[in-house]
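**Student:** My questions concern the predicted model and sequence given below.
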Amino acid sequence: EVQLVESGGGLVQAGGSLKLSCTVSGFRFGHVAIGWFRQTPGKEREGVSYIDQIDGRTDYAPSVKGRFTMSIDDVNNTMYLQMNNLKPEDTATYYCAAQVDLPVGSLEKVYYDYWGQGTQVTVSS
């Protein structure tokens, strides 16, 4: 059974940093696509970043490029999202997601099969 569990959310002042973690089980890193998404009430879930391990690509939404960095720890089966220079508009519930079969690296949520439960990030001004 594939499971993803996020942690690391919290309250931070604008300009600060947070590092989100997503521990996965039921699959191994190596040939999958994984992503981070975020959602605020009343809005669509939007892609923040992804890593496509088949093509070796990493990409970020324009709104976070240069501030957020996604990474993988194969040994601990964990993926991370380092968020720096946070802004109030980054406030959202953040979700990690994975595609295990026939992965397609994308910021579009429709491609992802497995999701974590979400962790809240609040950035105060």
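**Tutor:** Now that the structure is in, tell me what you want to look at. Remember, it's a predicted structure, so these values are computed and weren't measured experimentally. Numbering: from 1, shown residues only.

**Student:** Now do the contacts for residue 1.
**Tutor:** 25-26 (CB atoms under 8 Å, 6 or more residues apart in numbering). No exception for glycine: its C-beta is placed from N, CA and C like everyone else's.

**Student:** what do you get if the cut-off is 6 Å, keeping everything else the same?
**Tutor:** Counting by CB atoms under 6 Å, 6 or more residues apart in numbering, residue 1 touches residue 26.

**Student:** From residue 24, how far out is it?
**Tutor:** 11 Å (CB to CB, to the nearest Å).

**Student:** ok, now residue 2?
**Tutor:** For residue 2, the distance to residue 24 - CB to CB - is 7 Å.

**Student:** Looking at the two now, which is surrounded by more residues?
**Tutor:** residue 24 (23 against 13; other CB atoms under 10 Å).

**Student:** list the helices and strands the helix or strand hosting that one packs on?
**Tutor:** Residue 24 is part of strand 18-25 when elements are defined by DSSP states H and E. Under the contact definition 3 or more CB pairs under 6 Å, 6 or more residues apart in numbering; DSSP states H and E, strand 18-25 sits against strand 3-7, strand 78-83.

**Student:** moving C-terminal of the shortest one, what's the next helix or strand?
**Tutor:** The one in question is strand 3-7. For strand 3-7, the following helix or strand on the C-terminal side (DSSP H and E) is strand 10-13.
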